[in-house]
Each structure stands twice: as structure tokens, then as C-alpha cells.
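Student: Below are the sequence and a predicted model; questions follow.
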Amino acid sequence: MNTTTAQPVEVKVDSARHVEERLNSVVRDLQMVASRTHDKGILVTWLSPGHYTVSLSDDVPYGLTRELVH
């Protein structure tokens, strides 16, 4: 992940048991980026089984993580 620009991160997993672990890791990384400016929250978007994007979002208040089914 590029923590300078905080581009959306695509997460793809083949196994349900790895979903939570991988998403939590990406969310933690983005929380560190968000803590620099305190102006964005984190949006986790479900695209299909095992396929997500995780991004900083102006639509989510700082300190919160929201989930969206696309």
C-alpha cells in the first residue's frame, strides 16, 4: 500500500478464513494514514465473494469504519 497517497486497496482472498485477517490488516494500515489528518474514515466495500476495496473516505467520519455492499 502506498501510505503517502492512501490509494484504495483491493483485497482478494480465496478462503473465507482469510477475509477477516486480511481486511483487518489493511484497515489498521489505513487507520495510521487517517490519524495524520483526522478528516477521513475508512470504507470497506464488498464487491463479490472474497473481493473488497478498502479506502479512506470523506463520507465516513474520522475514527469510524463503515461497510458497503456494492
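Tutor: In hand now; what should we look at?
Student: who touches the residue nearest the centre of the chain in this structure?
Tutor: Nearest residue to the geometric centre of the chain (Cα atoms, centre = their mean): residue 54, 2.6 Å. By Cβ atoms under 8 Å, 6 or more residues apart in numbering, residue 54 lies in contact with 8-9, 11, 23, 26-27, 30, 42-45. Bear in mind the C-beta positions are built from the backbone N, C-alpha and C, glycine included.
Student: Next, the closest residue to residue 61 other than its chain neighbours: phi, psi?
Tutor: Computed as Cβ to Cβ, 6 or more residues apart in numbering, the closest residue to residue 61 that is not its neighbour in sequence is residue 41, at 5.2 Å. Main-chain torsions, residue 41, degrees, to the nearest 10: phi -100, psi -170.
Student: wait, doesn't residue 41 sit right on residue 34?
Tutor: Yes - assessed by Cβ atoms under 8 Å, residue 41 is found in contact with residue 34 at 7.1 Å.
Student: where along this structure do the helices fall?
Tutor: Remark: helices assigned in the chain by DSSP state H are 16-34.
Student: Show me where it has its strands.
Tutor: 9-12, 41-48, 51-57, 65-69 (DSSP state E).
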